[in-house]
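Engineer: would you be able to build a 3D model of this:
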Amino acid sequence: MTDMEQPEDIQNQTEETEAAEGSPTVEEQLETALAERDENQNRFLRSQAELDNTRKRHQRELAELRQYAAAPFVQAMLPALDNLKRAVEAAENADNVSDLKQGVEMVAKQILDVFAQHNVKAIEAVGQPFDPNRHEALQQMPSEEYPPMTVIQELEQGFILNDRVVRPSKVIVSSGPAGN
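Structural biologist: As a prediction, this is how the structure comes out:
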């Protein structure tokens, strides 16, 4: 006799018994839920530990980066320092001041070249309108040559790193023609 030939009551009882045997009991469902909870909690704790480690590693790398950020600039400046020392040594034995002046000028140019390699530019001052964001006025003087609020003399050169002023130019500003 096949399934198709069994009476309907016997067939329904067999299906219910098979369904009851295949479904988990309440205790089994609870045990499964607790196991999933433990697994999720362990995953959460591992993820949190990985996040803490990543954060600490990032902070360590950032601190190291800050600590050695100036190294390329210092390496670029060392040849200028070497040349300046050579100029001082040569000045001790030199009778010709023009050679010493030429050597020091070459070192100054070398330093400006290093600045340019690191996006450091000199601030234009003389003849420019006074800009309090780029110039620091130390004095105001009458001038027949320059209109009022124009830089007529630079006392100390200013520099910009990228778009940020590293040091403003210290300048003397025109107050206009004398007697006004």
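
Engineer: state the pLDDT value of the nearest residue to residue 128 once chain neighbours are set aside.
Structural biologist: In space, and not counting its chain neighbours, residue 128 is closest to residue 151: 5.3 Å by C-beta to C-beta, 6 or more residues apart in numbering. No exception for glycine: its C-beta is placed from N, CA and C like everyone else's. Looking at residue 151, its pLDDT stands at 97.

Engineer: helices and strands of the chain: which one bottoms out on pLDDT?
Structural biologist: Least confident helix or strand of the chain, by mean pLDDT, DSSP states H and E, is helix 8-22 with a mean of 61.

Engineer: ok, then the element right after it?
Structural biologist: For helix 8-22, the succeeding helix or strand toward the C-terminus, using DSSP states H and E, is helix 26-67.

Engineer: got a list of what the closest residue to residue 178 other than its chain neighbours touches?
Structural biologist: Among residues not flanking residue 178 along the chain, residue 142 sits closest, at 3.8 Å (C-beta to C-beta, 6+ apart). Neighbouring residues of residue 142 by C-beta atoms under 8 Å, 6 or more residues apart in numbering: 174, 175, 176, 177, 178, 179, 180.

Engineer: for residue 142, give its distance to residue 151.
Structural biologist: Note on residue 142: its distance to residue 151, by C-beta to C-beta, to the nearest Å, is 14 Å.

Engineer: with residue 84 instead?
Structural biologist: Applying C-beta to C-beta, the value for residue 84 to residue 151 is 29 Å.

Engineer: quick one: which of these two has more around it?
Structural biologist: Ranked by neighbour count (other C-beta atoms under 10 Å), residue 84 and residue 151 place residue 151 first, with 23 against 17.

Engineer: and the one helix or strand the more buried one maps to, which residues are buried?
Structural biologist: Counting by DSSP H and E, the element that carries residue 151 is strand 151-156. Neighbour-count burial for strand 151-156 flags 151, 152, 153, 154 (criterion: 16 or more other C-beta atoms under 10 Å).

Engineer: same question, stretch 110-121
Structural biologist: Neighbour counts using 16+ other C-beta under 10 Å place 110, 111, 112, 114, 115, 120 of stretch 110-121 among the buried residues.

Engineer: would you turn those into JSON lines with pLDDT and distance to residue 161?
Structural biologist: Shown next, in JSON lines, are the buried residues of stretch 110-121 (pLDDT from 0 to 100; distance: C-beta to C-beta, whole Å):
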{"residue": "110", "pLDDT": "92", "distance to residue 161": "18"}
{"residue": "111", "pLDDT": "92", "distance to residue 161": "15"}
{"residue": "112", "pLDDT": "92", "distance to residue 161": "14"}
{"residue": "114", "pLDDT": "91", "distance to residue 161": "13"}
{"residue": "115", "pLDDT": "92", "distance to residue 161": "9"}
{"residue": "120", "pLDDT": "93", "distance to residue 161": "5"}
